[in-house]
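> Here you go, sequence then predicted model.
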Amino acid sequence: MHNQEIAWALSEIADLLEIQGEKPWSWRKAARVVEGLESPATLLQARGQLEKIPGIGPAVAQEIDQIVHDGVSRRQRKLRQQVPPGLMEVGKLPGIGVATVQLFFRHGFTTLEELEEAARARKLRRLPGMGPKTEAAVLRGIEFLRRHHDKYGIGIVKPIAEDMCRFLRQLAEVQRAEITGPLRRGQELLTDVQILIVANPVSAVLQLLRRHPSVEKVLAEGPQSICVANVFGLPLWIEAVDEADFARRWVETTGPAAHWQQLQSRKSVTPANSWSHYLSAQENEEAFYQSLGLPWIPPELRANGQEVAQALAGQLPALIEAGDLRGDLHMHTGWSDGVSTLEEMIQAGREQGYEYMAITDHSRALSVARGLSEAKLQEQRRLIRQYSGRDKTMTVLAGIEMDILPDARLDYPDELLEGMDLVIASVHTHLRQERSKIHQRIETALKNPHVDILAHPTGRLIGHREPFDVDVEWMLELAAKTGTALEINSTPDRLDLAPAHARMARELGIPIVINTDAHDRSRLGDIRYGVTQARRAGLEAEDVLNTRPLKELQAFLDRSKG
DNA sequence: GCCGTTTTCGGCCCGACTGTTTTCAGTCG
């Protein structure tokens, strides 16, 4: 069982307890701790070492025992019975907290449907503490949730799919197992996992899958395929194909439909009668595309079919790869709201094989995140430079993720910023300001000569929160003028800039950086999601600032300070 | 529920805005 699955179970317990009026601090903390564990919690559980982890006491440890053993704990089952299932959904509405959920519950509203009906009938505004605005917000929120219904973020889906592929590959009956479908194209939100296998005998593999410990139930089944749901209801499709047909089916299932249709229309230009011949003969994608007179098109570029014309014209970009990155320029430590220590983060950066990295904790205004006072920041900077000086193989930059304040001022004075190796500016608060105010804030940051990078430029949280009200084209044009770099944030919930915007940024010649924003050393690996995002935007290594050698990066950072 | 003491009980990230109210509870990051 994946640590993430255990963390979700603990979070669910926390949510359920909270709705019942309890204060489940330790359950939330335990969830966060388990999520960030280096080694599998199942292993620690088997060795009886769970309780040794700070944040996990006897009660939580016992809970994890049961979750690992049975998939759910007794407490979870009991709590689920006590709380109407629809209420959990209600709690996800933006602007609706526990207290309001409880209020709704007391007045007999336990599902989104009931709430929607009441809101439309203008009855919700009559509840104590409610008004027309909240009523409208509830309707907007319901619409938002509907749009993201049954969708899972790539950060959740990909590890599950990879675990399943690993499991399949180590079976003697399986010759090949590959992720396919929208996940392979790097889509941000997904409804399922699709895996293509070559196996013999197929029936033995399907039989095994039915009894796989992560499988909660079988949703559909045929002679060549099976669809199972894991404990969190995520459907996994596993389809077996003949080895000779693998490449064709892999391309077809990777999709999307428009890309496949374009390929089919190429049948006429390939040698006579060869379509079916090539289709069955090819076992790898390169050969398959070649048979259609095309170079191989990376999955991230497969879209509306225009990429086929681009490929024909020999204009496919040489997409950036994870190995091109020489450093990560945005991460947190325990000095602010990170989990790992400064030393641990630096060590983790070393293990990533980076040439350089930047420590960028939060600034003082973000008190929730224990943002650093000026004195603390200077103390940290001193420490970082000590570490960096000791290591000849990797440079650690002393940076800061500085808040852009609600009144469009920056959180630190220029004199302090000037002394930092790297300055990131971010909007974290007052996200619902009107556009003119948001623009004013972004303008201040971009125009400041000490600001090197604007982080998560639109503030979106995929599936949770819309971007703040910003005219992205306006922002990109300004960034191009000021020469400020824009970030592709690799946190799977953010992936901000979105590919379309990153593409525009590239066209405008804006330096782009791919960062993790890791709050935990184990999350430095999330950089791959940012790279996927960059590939979907058609970015090449040279478009990305942190693929460049330290000297060139340094030249960029010093550009405005001379 | 967990932790760490000023060690067996109290604190648990905290300040400001929003939408509702006429002084504040609730939400958010």
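Done, it's in.
> Would you report the backbone torsion angles of the residue nearest to A:Q194 when sequence neighbours are not counted?
Distances taken as CB to CB, 6 or more residues apart in numbering place A:G181 nearest to A:Q194, at 3.4 Å, with adjacent residues excluded. C-beta coordinates here come from the backbone N, C-alpha and C atoms, glycine included. Phi and psi for A:G181, reported as degrees, to the nearest 10, are phi 80, psi -170.
> Report the contact partners of A:G181.
Applying CB atoms under 8 Å, 6 or more residues apart in numbering to A:G181 gives the contacts A:D192, A:V193, A:Q194, A:W237, A:T253, A:T254, A:G255.
> If we use 10 Å, what do you get?
Contact partners of A:G181, counting by CB atoms under 10 Å, 6 or more residues apart in numbering, are A:161, A:187, A:190-196, A:237, A:253-256, A:299.
> so A:E113, which of the three states?
Three-state assignment for A:E113 (DSSP: H, G, I helix; E, B strand; the rest coil): helix.
> for the closest residue in space to it that isn't next to it in sequence, what are its contacts?
Spatial nearest neighbour of A:E113, excluding adjacent residues (CB to CB, 6+ apart): A:G86 at 7.7 Å. For A:G86, the contacting residues are A:F104, A:F105, A:F109, A:T110, A:T111, A:L112, A:E113, A:E114, A:L115, by CB under 10 Å, 6+ apart.
> Name the residue of the stretch 101-250 of chain A that lies nearest to DNA strand B.
Residue nearest to DNA strand B within the stretch 101-250 of chain A (CB to the nearest atom of the strand): A:G131, separated by 2.2 Å.
> Which residue, other than its chain neighbours, is closest to that residue?
Leaving aside its sequence neighbours, A:G131 sits nearest to A:R125 (CB to CB, 6+ apart; 5.4 Å).
> Does that neighbour touch A:A137 like I think?
No: assessed by CB atoms under 10 Å, A:R125 is found out of contact with A:A137, at 11.2 Å.
> and for these two, which residues touch both?
A:A119, A:G131.
> Report the central residue of chain A.
By CA atoms, centre = their mean, chain A has its centre lying nearest to A:P492, at 0.5 Å.
> State the helix or strand in which the nearest residue to that one once chain neighbours are set aside lies.
In space, A:P492 comes closest to A:G155 once its chain neighbours are excluded; the distance is 2.5 Å by CB to CB, 6+ apart. A:G155 belongs to helix A:154-169 when assigned by DSSP states H and E.
> Now do the longest strand along chain A: distance to the chain's middle.
Using DSSP state E to define each element, chain A has its longest strand at strand A:395-403. Chain-centre distance of strand A:395-403: 22 Å, with CA atoms, centre = their mean, to the nearest Å.
> Please apply the same query to stretch A:103-113.
32 Å.
> Equivalent analysis for stretch A:513-529, please.
10 Å.
> and if you look at stretch A:434-448?
Distance of stretch A:434-448 from the chain centroid (CA atoms, centre = their mean) equals 26 Å.
> hmm, it in reach of DNA strand B?
No: contact of stretch A:434-448 with DNA strand B (CB under 7 Å from any atom of the strand) is absent, the minimum separation being 9.0 Å.
> which of the residues in that stretch are buried?
For stretch A:434-448, a neighbour-count test (16 or more other CB atoms under 10 Å) marks A:K437, A:I438, A:H439, A:R441, A:I442, A:E443, A:T444, A:A445, A:L446, A:N448 as buried.
> And for stretch A:228-237?
Judged by neighbour count using 16+ other CB under 10 Å, the buried positions of stretch A:228-237 are A:V228, A:A229, A:N230, A:V231, A:L234, A:L236, A:W237.
> Great, nothing more from me.
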